[in-house]
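Colleague: structure for this input, please:
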Amino acid sequence: QGQRPVRFRARIGGSKGRSGRCSGRGSTMRSPLWLVLAAVWLAVAAGLKARETGHFPPNYAGGDNYYYDDPSLAKLMPLLFRNHANMTCSDDRHSTPFLKQIRGVNLGGWLVLEPWITPSLFYQFLGADERWGDEAPKKVGMDTYSFCEALGPEEGNRQLRRHWKSWVTEEDISTLFQLNLDTLRIPVGDWMWRPYGAYVNCTDGALPELQRVLELAGKYGLKVLLDIHGLEGSQNGLDNSGRAADVRWTANVFSDAPAMQGRTFSHWATRKAEWIGKFDLDSLSYTELYWDRVDAALDVVRMIADQFAENAAIMGVQPVNEPWQFTPIGPLKRFYWEGYKIVKRRAPGWKYFMHDSFRLNSGLWTNFMNGCPDVVMDTHIYTAWNWPGPAKDFYSMACEAKHTIAAYEANVMPVVVGEWSLATDNCAMWLNGFNDNIPGYPMVQCDMVPCPEPYMSRDQPGAPPDPTKGPRGPFGTGESSPSCARFVDIIARLLGQGRS
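Modeller: Numbers count the residues shown, from 1 in each chain. Next up is the predicted model:
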């Protein structure tokens, strides 16, 4: 449901812990059947593939033959610069260097759920192994997709609508304005424009909510960066992409403690990101490239630009958040390049943000999109996963990052730190996933405090968790369970979320 037929085109040929205890700190585009069959027939006849088989490691530089077949190209304005086959630009006639320093905040946990930011939404899944037994894997929400899957479209949508209205209010936007911030980075999911799977009907109403906050941003003079945080198949395998992958469930029969028995799951050892292709855990590389999913993601970029090109509050778009470090660099660059042309033909004044795929210092971005107006590289700086150390070590890391960014801006393109935090440990409950943790984390002793009141009142199912009960499953490979901690609220506030 919600998926559109693939448009085929030429492809590149040949492929050759345990914080535990809550401790510490759109519409669908469809073509007539005969057009679909014709496209498939032509693709087969010409030997073209929507999915390419081969060996595609992180440094794979191919993909140059891919292009996006823009259905509105004949009606669009010409680009205001020359674009070249090597993904560079020249003769820019319009624009302005991107020199403005952005002071902004993410509206995280709103349209794309993350359990550590809004645990109140996910308390209801504690004890699911006790209630459902072998059916627990289908009854546990760990991210937006499984939230909808576990609750079903009707109840999931009811809870999401309450959450959307409660999580971001006019009072919040007014407060951010009074703090002299100028930009809101709003994570969105591709399912808001092309719903599929469990998202269908469950996320209805998300676009009107986005429009509500865009109007508030305009009222207070704040600019908005629309950040596509989640793509079908997941670009990083994390819950913040809409769907954690690959989660594997087993029966825990080895614990002597009754509370620890039942269904358990693992994620970190089997994590995959399969938006851009089929990933092989043994070689840490891709064995297939999914150009049809690249197409689908660019369709969403196009729909966003078509819908909001005239919205004065929007400063730009980011086509994908945090594609992980194993993403083949050539196809990723091609995706960025094609998305850039889509945006610039519709909204020539928008800025275009690209995440560095956690490879800012790799040299892989040298000369990429050289001479292209309004491009920005987004890098994310977190110290919460670093080894513990004295304060001076963290100060030193901050200074090193400053010099790295300055050198990159001097030689490649402007840089924005789109996400960052003052946190220096992993004590926040569920920071590494619902009822889970990266084994070995946190690496410090964490404090324990009572859970705060749920932001949607006690009408929210399961919130707050029963203080008379100990940790409840299902459990991941690391431990992180309520009784809750003040640091869930504190770290959320540092990241601009403000509630728990």
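Colleague: helices or strands next to the helix or strand Lys392 falls within in the packing?
Modeller: Using DSSP states H and E, Lys392 maps to helix 391-411. Counting contacts by 3 or more Cβ pairs under 8 Å, 6 or more residues apart in numbering; DSSP states H and E, helix 391-411 is packed against strand 375-381, strand 415-420. Placement of C-beta: from N, CA and C, glycine included.
Colleague: now the angle from that helix to strand 415-420?
Modeller: 140 degrees (axes from the mean of the first three to the mean of the last three Cα atoms, to 10 degrees).
Colleague: so which bits of helix 391-411 are buried?
Modeller: Ala401, Ile405, Tyr408 (16 or more other Cβ atoms under 10 Å).
Colleague: low-confidence ranges, the stretch 151-300 of the chain, go.
Modeller: 252-262 (pLDDT under 70).
Colleague: could you pull out the strands in it for me?
Modeller: Applying DSSP state E, counting those that start in this stretch to the stretch 151-300 of the chain gives strands spanning 183-189, 223-230, 248-252, 262-266, 277-280, 285-290.
Colleague: distance to Thr118 and mean neighbour count for those - can I get that in TSV?
Modeller: Listed next are these as TSV, based on distance: least, Cβ to Cβ, whole Å; neighbours: other Cβ atoms under 10 Å:
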stretch	distance to Thr118	mean neighbour count
strand 183-189	13	24
strand 223-230	14	25
strand 248-252	24	12
strand 262-266	20	22
strand 277-280	29	20
strand 285-290	31	21
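Colleague: of those strands, which is nearest Asp70?
Modeller: strand 223-230 (17.7 Å; Cβ to Cβ).
Colleague: give the pairing partners of the closest one; include direction for each.
Modeller: strand 183-189 (parallel), strand 314-318 (parallel) (DSSP bridges).
Colleague: which helices and strands sit right next to the helix or strand following the shortest one?
Modeller: This points to strand 314-318. Next in sequence after strand 314-318, counting helices and strands by DSSP H and E, comes helix 329-346. The contact analysis (3+ Cβ pairs under 8 Å, 6+ apart) places helix 329-346 against helix 291-308, strand 351-355.
Colleague: among those, which is the most enclosed?
Modeller: strand 351-355 (a mean of 24; mean count of other Cβ atoms under 10 Å).
Colleague: and it, C-alpha only, in PDB?
Modeller: Coordinates of each C-alpha in strand 351-355 appear next as PDB, following Å, rounded to 0.1, in the frame of the first residue of the first chain:
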ATOM      1  CA  LYS A 351      19.400  26.000   1.100                       C
ATOM      2  CA  TYR A 352      20.300  22.400   0.500                       C
ATOM      3  CA  PHE A 353      21.700  20.500   3.500                       C
ATOM      4  CA  MET A 354      23.600  17.200   3.100                       C
ATOM      5  CA  HIS A 355      24.700  15.000   6.000                       C
END
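Colleague: re earlier: columns distance to Phe81 on top of the strands paired with strand 223-230, output as TSV?
Modeller: Output for those, formatted as TSV (distance: least, Cβ to Cβ, whole Å):
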stretch	distance to Phe81
strand 183-189	25
strand 314-318	16
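Colleague: out of the helices and strands packed on helix 329-346, nearest to Thr144?
Modeller: helix 291-308 (15.3 Å).
Colleague: contacts for the longest helix seen in the chain next, please.
Modeller: Using DSSP state H, we find that the single longest helix of the chain is helix 144-167. With Cβ atoms under 8 Å, 6 or more residues apart in numbering as the test, helix 144-167 has contacts from 109-113, 118, 121-122, 125, 128, 138-141, 189, 191, 197-206, 209, 230, 242-244, 455-456, 460-461, 499.
Colleague: residue nearest the centroid of this structure?
Modeller: With distances taken as Cα atoms, centre = their mean, His229 lies nearest the centre of the chain, 2.7 Å away.
Colleague: show me what the residue nearest to that one when sequence neighbours are not counted is bridged to.
Modeller: Among residues not flanking His229 along the chain, Pro187 sits closest, at 3.5 Å (Cβ to Cβ, 6 or more residues apart in numbering). Legend: beta-bridge partners of Pro187 under DSSP bridges are Asp227.
Colleague: quick one: Pro187 and Val317, what's the gap?
Modeller: 12 Å (Cβ to Cβ, to the nearest Å).
Colleague: so what sits against both of the two?
Modeller: In contact with both Pro187 and Val317: Asp227, using Cβ under 8 Å, 6+ apart.
Colleague: distance to Pro471 for the strands of the stretch 151-300 of the chain - can I get that in a markdown table?
Modeller: Formatted as a markdown table, these follow (distance: least, Cβ to Cβ, whole Å):
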| stretch | distance to Pro471 |
| --- | --- |
| strand 183-189 | 29 |
| strand 223-230 | 29 |
| strand 248-252 | 13 |
| strand 262-266 | 12 |
| strand 277-280 | 32 |
| strand 285-290 | 37 |
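Colleague: closest to Tyr336 out of those?
Modeller: Of all the strands of the stretch 151-300 of the chain, strand 223-230 comes closest under Cβ to Cβ, at 11.9 Å.
Colleague: restricting to C-alpha, output that closest one in PDB.
Modeller: Only the C-alpha atoms of strand 223-230 are listed here, as PDB (Å, rounded to 0.1, in the frame of the first residue of the first chain):
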ATOM      1  CA  LYS A 223      13.100  29.800   9.700                       C
ATOM      2  CA  VAL A 224      12.500  26.000   9.200                       C
ATOM      3  CA  LEU A 225      14.800  23.300   7.800                       C
ATOM      4  CA  LEU A 226      12.800  20.300   6.800                       C
ATOM      5  CA  ASP A 227      14.900  17.200   7.500                       C
ATOM      6  CA  ILE A 228      13.900  13.900   6.100                       C
ATOM      7  CA  HIS A 229      14.800  11.800   9.100                       C
ATOM      8  CA  GLY A 230      13.400   8.500   7.900                       C
END
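Colleague: how much does that strand deviate in direction from strand 375-381?
Modeller: 70 degrees.
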